[in-house]
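# Show me the folded form of this:
(chains A and B)
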Amino acid sequence: MTVASTFTRRRRTAQGAREGTPPARRAAQIELSAVTKRFVTPSGSMFTALRDVDLAISAGKFCAVVGPTGCGKSTTLTMVAGLDRPSAGSVRVGGQAVGGITAGTGFMFQADALMPWKTVLGNVALGPMFRGVPKKDAQSQARDWVRRVGLAGFEDHHPHQLSGGMRKRVSLAAALINEPSILLMDEPFGALDVQTKAIMSNELLALWEQARPSVIFVTHDLEEAIALADQVVVMTAGPGTVKAVYDIGLPRPRGAVQEIRFESRFLELHHQIWESLREEVERAYTRTAQGGRS
Amino acid sequence: MSEPTTATGLIGPAPVDDEAAVPAGARAAARRRRALMWAARLLTLVIVIGGWQLLTNAKIVDKFFWGQPSGIVSQLNDWLRHGTTYGPIWLQIWTTFKEAVLGFAFGVVAGVIVGVLLGQFRFFSEVLSPYIKVANAIPRIVLGSLFTVALGLGIAAKVSLAAVLVFFVVFFNAFQGVREVDRNLLNNARVLGASRRAITRHVVIPSALTWIIASLHVAFGLAIIGAIVGEFLGAQRGLGLVIANAQNNFNPDGVFAAMFIIAVLALTAEGLIGLLERRLLSWRPPSQAEAATT
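The predicted structure follows:
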């Protein structure tokens, strides 16, 4: 599907025509320095989710974060979004320290975060509505985005009437409609079957190529990470910290993610990163296995 | 997938070769099943009412204490033609209905407002929670005596009692509904830039609505109980007064006849609430139970 092909032209006319629409934000740099996050469990003990995380993502880069389950990948995202605060260290987006919700953030959650009582159109229109755009304008923007993610004709459906892949498209449109400067994605396609995941990945790339916000894409699928990203970050088993950062030099536009995984450069990178990731996965696994036994 | 079991215990319709005959066969089977169900329902009614009539006729059960269906019918007939001791029967019905509806309305509005507010402000809810528990443990019907003394024999005392009974049920549901709002939805709205008010309006209230509406079914029954008990305790008209009078005159048929009228009232209200529910919660996927009956 080439839903993003007419994106640039449409956006230009849209900007001139609509009042109350903020100018498209520039992609922002994301910097985490010495970020530590501790939680106090209900039983009173302390749990360190992240320790001394240093990470910098330049403006407009697509960064994928991989790591074993429970290594604090999602926690990192919530702190960049400003939904949570680090216990120590600092998070900066576009040079500004994060305090409160980070302006210009698009967030795609792991689970569906669609309002089940709103239609597809109503869900996508939430972003502009919350920003104070009049309902009519918000809906026409939403209609545009619904079409852009290939769901024209489904505007009046409720989320429960859609397939998992279609719900992800709605989430994607809802996250992108505010033209975010940073896009945070928490295993967005984790629950999809392999074919749908590939289709969604391609569409994500096509849409991203047009606006180029900075992206942090959390996943535990290494192939997905390499196929999509400019930069792959491997995190250690909890407490999570950055183990290694790999630059993925694959040319853009990437084309179909299903095909890129057979290229020799891709296989080389996969092999190299997997060596690093495997240790952490094994460590995390032994730990949970022991925890289960004791 | 649960196979629909027919009344005869067979699993689905018998196998047929002709595919075109399948839908027609299924329709015929459904029709037969419905006819059988209604016949069984009618039979149940005949057995219960007829048994009662026969047992009292045969003097096995004393109709002086337990009434008799034919006596109840003639009592209703008498009320319709000649009115009750306190004026036309319609006036009694209207009085009780008005008290119940007003009490219901006040109780629901107060319950929703307080529930939604307390549900969102954790500190206040913690401060008030022991008092709420105590208030809930008190048999609130006793408040009727207080209201009768303070507010007199008019409509105000009954409306107050009905409102108090309704308030607590709706309040607890609204409160719980607000506490159960999906955190993902809240975070999503926050990232999209929603203000506190927008979150309440677009996320919290629609989400709590499922709980609130579920409580309305019980609440209207309680409103009627409040009105009737209020009338027992002292009134100049109303169905409760009619029942109290029948009791004092050793007239069980009068009690049953009034009970029958109240049941019709309650069922009508239940139907209206059902309509409201279907309208407000039309976004919900049909539940298993509903899908089975349609």
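# so what's the residue lying closest to B:Lys98 once chain neighbours are set aside up against?
Excluding the flanking residues, the one nearest B:Lys98 by Cβ to Cβ, 6 or more residues apart in numbering or on different chains is B:Ile155, at 6.9 Å. All C-beta spots, glycine's among them, are computed from the backbone N, C-alpha and C. B:Ile155 makes contact with B:95, B:98-99, B:102 under the criterion Cβ atoms under 8 Å, 6 or more residues apart in numbering or on different chains.
# Name only those of the residues you listed that count as buried.
Among the contacts of B:Ile155, those classed as buried by 16 or more other Cβ atoms under 10 Å in any protein chain shown are B:95, B:99, B:102.
# The last one - nearest residue in space that isn't next to it in sequence?
In space, and not counting its chain neighbours, B:Leu102 is closest to B:Val159: 4.6 Å by Cβ to Cβ, 6+ apart.
# And B:Phe65, its phi and psi?
The phi/psi pair for B:Phe65 (degrees, to the nearest 10) reads phi -90, psi -40.
# That one against B:Val255, yeah?
No - B:Phe65 lies out of contact with B:Val255 (Cβ atoms under 8 Å); the separation is 10.8 Å.
# These two - which one has more neighbours?
B:Val255 (18 against 9; other Cβ atoms under 10 Å in any protein chain shown).
# what does the stretch 101-250 of chain A put close to chain B?
A:101, A:103, A:105-107, A:109, A:111-113, A:115-118, A:126-127, A:129-131, A:158, A:160-161, A:174, A:178 (Cβ under 8 Å from any Cβ of the partner chain).
# Strands - which of those residues land there?
Among these, the members falling in strands (DSSP state E) are A:105-107.
# Including neighbour count, could those go into JSON lines?
Below are these laid out as JSON lines (neighbours: other Cβ atoms under 10 Å in any protein chain shown):
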{"residue": "A:Thr105", "neighbour count": "26"}
{"residue": "A:Gly106", "neighbour count": "25"}
{"residue": "A:Phe107", "neighbour count": "28"}
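# The closest residue to chain A within the stretch 151-294 of chain B and B:Ala150, how far apart?
Residue nearest to chain A within the stretch 151-294 of chain B (Cβ to the nearest Cβ): B:Asn188, separated by 3.7 Å. With the distance defined as Cβ to Cβ, to the nearest Å, B:Asn188 ends up 49 Å from B:Ala150.
# For the contacts of B:Ile155, could you give me CSV that also reports secondary structure and pLDDT?
Shown next, in CSV, are those (DSSP: H, G, I helix; E, B strand; the rest coil; pLDDT from 0 to 100):
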residue, secondary structure, pLDDT
B:Thr95, helix, 94
B:Lys98, helix, 95
B:Glu99, helix, 95
B:Leu102, helix, 96
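# Out of the residues you listed, the closest to A:Gln139 would be?
The closest of the contacts of B:Ile155 to A:Gln139 turns out to be B:Leu102 (Cβ to Cβ; 39.0 Å).
# about what we covered before: what are the phi and psi values at the residue nearest to B:Leu102?
Main-chain dihedrals, B:Val159, degrees, to the nearest 10: phi -60, psi -40.
# Number of residues surrounding it?
Applying the criterion other Cβ under 10 Å, we find 26 residues in the vicinity of B:Val159.
# biggest helix in chain A, by residue count?
Taking DSSP state H as the criterion, chain A has its longest helix at helix A:264-293.
# Report all helices and strands that that one contacts.
helix A:222-228, strand A:231-235, strand A:242-247 (3 or more Cβ pairs under 8 Å, 6 or more residues apart in numbering or on different chains; DSSP states H and E).
# Enumerate every residue touching the residue of the stretch 151-294 of chain B closest to chain A.
Per Cβ under 8 Å, 6+ apart, neighbours of B:Asn188: A:107, A:109, A:113, A:174.
# and with 7 Å instead?
A:107, A:109, A:113 (Cβ atoms under 7 Å, 6 or more residues apart in numbering or on different chains).
# How about the first one: what's its closest non-neighbour residue?
Here the nearest residue to A:Phe107 in space, its sequence neighbours aside, is B:Val191; by Cβ to Cβ, 6+ apart that works out to 4.4 Å.
# any weak-confidence spans in the chain?
Using chain A here. For chain A, the stretches with pLDDT under 70 are A:1-25, A:291-294.
# that's the wrong chain, I meant chain B
The model of chain B has pLDDT under 70 over residues B:1-17, B:286-294.
# Which parts of it belong to which domain?
Domain ranges of chain B: B:1-61, B:71-293, per automatic domain parsing.
# okay, these, which one's buried deepest?
Highest mean neighbour count among the domains of chain B (mean count of other Cβ atoms under 10 Å in any protein chain shown): domain B:71-293, with a mean of 18.
# residue ranges for the helices of the chain, please.
Going with chain A. Secondary structure of chain A (DSSP H): helices located at A:7-17, A:73-81, A:120-124, A:126-130, A:135-148, A:164-176, A:194-211, A:222-228, A:257-260, A:264-293.
# wrong one, chain B
Taking DSSP H as the criterion, chain B carries its helices at B:21-57, B:63-66, B:69-82, B:89-120, B:122-137, B:143-151, B:155-179, B:183-191, B:196-199, B:205-233, B:239-248, B:252-280, B:288-293.
# Of these, give the one that comes closest to A:Pro239.
helix B:183-191 (22.9 Å).
# Around chain A, pick out the residues from the stretch 151-294 of chain B.
Counting by Cβ under 7 Å from any Cβ of the partner chain, the positions of the stretch 151-294 of chain B adjacent to chain A are B:184-185, B:187-194, B:198, B:202-203, B:206, B:283, B:285.
# and which of the contacts of B:Ile155 is nearest chain A?
Closest approach to chain A among the contacts of B:Ile155 (Cβ to the nearest Cβ): B:Leu102, at 29.4 Å.
# how deep is the residue in chain A that chain B sits nearest to tucked in, by neighbour count?
Across chain A, the shortest distance to chain B (Cβ to the nearest Cβ) belongs to A:Ala113, at 3.7 Å. Neighbour count for A:Ala113, taken as other Cβ under 10 Å: 24.
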